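Engineer: Any chance you can model this:
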Amino acid sequence: MDGTPEPVLELIADNDVVYGVWQDPTEKHGVGILLIKGANRLRDITATGTPAPLSMTAIRCTCLEQAEALRQHVNTDPTH
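Structural biologist: Down below sits the predicted model:
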């Protein structure tokens, strides 16, 4: 990470499923998690029951709001 959004956007582009994670003392185990990219892909795999290879990563965020802003910015999972 170099302080610009490019490395984060590259991680998102290079992976099928991306989670945002942050420290959150109100969550079980002290970690908050938000699916940023891949909801539709995971939904399709679940619906068909057919396994599929996926690349995954997690991006460290400061809070839920930052993870949600990133999810909305990339908007890769419009609803059906």
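Engineer: tell me which strands and helices the helix or strand hosting Leu34 is in contact with?
Structural biologist: If you go by DSSP states H and E, Leu34 is part of strand 31-37. With contacts defined as 3 or more C-beta pairs under 8 Å, 6 or more residues apart in numbering; DSSP states H and E, the packing partners of strand 31-37 are strand 17-23, helix 64-74. All C-beta atoms are positioned from the backbone trio N, CA, C, and that covers glycine.
Engineer: Can you tell me which of those is most buried?
Structural biologist: Neighbour counts (mean count of other C-beta atoms under 10 Å) averaged over each of the helices and strands packed on strand 31-37 peak at strand 17-23, with a mean of 18.
Engineer: Look up phi and psi at the nearest residue to Leu54 once chain neighbours are set aside.
Structural biologist: Excluding the flanking residues, the one nearest Leu54 by C-beta to C-beta, 6 or more residues apart in numbering is Asp16, at 4.4 Å. Backbone torsions of Asp16, given as degrees, to the nearest 10, read phi -80, psi -40.
Engineer: still on that earlier bit, would you format the helices and strands packed on strand 31-37 as TSV with distance to Gly38 and mean pLDDT included?
Structural biologist: Listed next are these as TSV, based on distance: least, C-beta to C-beta, whole Å; pLDDT from 0 to 100:
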stretch	distance to Gly38	mean pLDDT
strand 17-23	3	97
helix 64-74	11	94
